[in-house]
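Asks: test case, fold it:
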Amino acid sequence: MTYRTVRGDGLRTRWDDQPVVAIGNRRDAFGAVTLSWATEPVREGWVAQRTRVTFQGVVEYRWRYFDVDNEAAEEGGLELGEIQDSDRVTELHRQGFDHDLRHLRISFDEHGTYDVICRTFFIDYRAATRDGTEERG
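Replies: As a prediction, this is how the structure comes out:
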């Protein structure tokens, strides 16, 4: 198993202990998982800059409390990364699932680790604002 950091601004999680999570599932279709978190310290009178990652075509997702096991500890950190040559993705291929599936992992300090197996993902940035309204970054 090889771990590769996904490059980009705002993909580290050191400023937020836990994300906002939204899960969308439909009958007879793959789902979607969205994680959103602050990417800078909160300042009085400001809404912190945020990153939102939406995983689409989700076949499987898992969250583990940070203290549950250390199986994933050596793979990844407080950032978004991809596990290449994932044993789980290989097993899903054997079951007849797409060969374009990706295994992504992101951890949050004192919260836990999310593993998402999906077809694709998108990254959206929200700039810090003074008045509490979100702006696209």
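
Asks: each with direction, which strands does the strand or helix carrying T54 pair with?
Replies: In this structure, T54 sits in strand 50-58 according to DSSP states H and E. Pairing partners of strand 50-58, with direction, according to DSSP bridges: strand 31-38 (antiparallel), strand 120-127 (antiparallel).

Asks: so who does I83 touch?
Replies: Taking Cβ atoms under 8 Å, 6 or more residues apart in numbering, we find I83 in contact with M1, T2, Y3, E75, G76, H103, L104, R105, D115. Bear in mind the C-beta positions are built from the backbone N, C-alpha and C, glycine included.

Asks: what's opposite it in the beta bridge?
Replies: Applying DSSP bridges, one finds that I83 bridges with Y3, H103.

Asks: do the same with A38
Replies: For A38, the beta-bridge partners under DSSP bridges are R50.

Asks: so for stretch 23-40, mean pLDDT?
Replies: For stretch 23-40, the mean pLDDT works out to 90.
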